[in-house]
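[1] Sequence and predicted structure, then a few things I'm wondering about:
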Amino acid sequence: MKKSFSILSLLLIGLFFTGCLEQKAVPQEGIFVVWKSPGMKYADQGFLYKEKKRLRLEIYANGQAALRLTVTPTQVCTGALCLNAKEFNRRYLSAEYPEQMLWEILQGKEIFGGEGSTKRAEGFTQHIEKKGHYAIDYSVLNGSIVFRDKINAISIKIQKAGS
């Protein structure tokens, strides 16, 4: 009995001290997000957490998380619901988009393999069109990301806090 009490005490002390260890910080950016698509509409402050193999986008309204997306090149999760990226595109963006497009937009990278890209000193712009399917104007300039598709009525704007 005394031996099991000693082991339990050691475990509890160990748990207490491991709780005090410094947690690895996840890089985050304070952002303002506007997301308008037929299936989603948000406009508020939030955070973009950049980890090695995933991104987390959190948008807040009245101090509460209104939207939480966890994004990898092949999957998008909203809370407990995870969809492969193609299905997420089909439901909330456009089935015509490449699978990894949201991943690339959130990172401010070129989409569609750089098609229609014009480099600028402060970033780049892209104009991509497929008649009847999409008409995209996309820019990443001075840290601000603006994605618009006129045909599919989609607009995603991400501006770093303080920009």
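    Good, I have the coordinates.
[2] Now name the helix or strand holding the residue nearest to the spatial centre of the chain.
    Centroid-nearest residue in the chain: Leu57, 4.0 Å away (criterion: CA atoms, centre = their mean). In the assignment (DSSP states H and E), Leu57 maps to strand 55-61.
[3] Tell me how far that strand lies from the chain's centre.
    Centroid separation between strand 55-61 and its chain, computed with CA atoms, centre = their mean, to the nearest Å, is 7 Å.
[4] buried ones in it?
    By neighbour count, with 16 or more other CB atoms under 10 Å as the criterion, the buried positions of strand 55-61 are 55-60. In this view, the C-beta of every residue, glycine as well, is placed from N, C-alpha and C.
[5] counting contacts, what elements does that strand pack onto?
    Applying 3 or more CB pairs under 8 Å, 6 or more residues apart in numbering; DSSP states H and E, we find strand 55-61 packed against strand 28-37, strand 40-50, strand 64-71, helix 101-107.
[6] make it 6 Å
    When contacts are defined as 3 or more CB pairs under 6 Å, 6 or more residues apart in numbering; DSSP states H and E, strand 55-61 sits against strand 40-50, strand 64-71.
[7] Could you dump the ones you listed into TSV and include distance to Gly30 and mean pLDDT?
    Shown next, in TSV, are these (distance: least, CB to CB, whole Å; pLDDT from 0 to 100):
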stretch	distance to Gly30	mean pLDDT
strand 40-50	6	93
strand 64-71	14	92
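[8] now the strand holding Leu57 against strand 28-37, angle please.
    70 degrees (axes from the mean of the first three to the mean of the last three CA atoms, to 10 degrees).
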